[in-house]
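>>> Requesting a structural model of the entry that follows:
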Amino acid sequence: MATQITLHYCTGCNWLLRSAWMAQELLTTFDGMIDELILKPGTGGIFEVWVNDTRIWDRKSMGGFPEIKHLKQLVRDRIAPEHSLGHSDSKQ
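Here you go, the predicted structure:
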């Protein structure tokens, strides 16, 4: 199955740079595992992260933006649970 990640961000809030940085981090961390990464502009304070058809982050309901370490863990758990994140991995 192809992996698609969508970062849906608010243009009115000027969150493009934050979204682009997160996209870069995800593309670097999951090199060769992401088939498509979409930056989707929106309005109304939206910031959501989708992996395929599953929303894994919503700024409004989850209280802000994810730390990049946590976002990488959420994406990894969806697309490659066996993939090590090195120093960013959760301590279990």
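>>> my guess is Val49 meets Phe65, correct?
No: taking C-beta atoms under 8 Å as the definition, Val49 is not a contact partner of Phe65, at 9.7 Å. From N, CA and C alone the C-beta is placed, and that goes for glycine too.
>>> Between those two, point out the one with more neighbours.
Val49 (24 against 16; other C-beta atoms under 10 Å).
>>> Which elements pack onto whatever helix or strand the more buried one lives in?
According to DSSP states H and E, Val49 maps onto strand 47-51. When contacts are defined as 3 or more C-beta pairs under 8 Å, 6 or more residues apart in numbering; DSSP states H and E, strand 47-51 packs onto strand 4-10, strand 54-58, helix 68-79.
>>> Can you name the residues that contact the spatially most central residue of the chain?
Nearest to the mean C-alpha position of the chain, by C-alpha atoms, centre = their mean, lies Val49 at 4.9 Å. Contacts here follow C-beta atoms under 8 Å, 6 or more residues apart in numbering; on that basis Val49 touches 5-8, 22, 55-57, 66, 71, 74-75.
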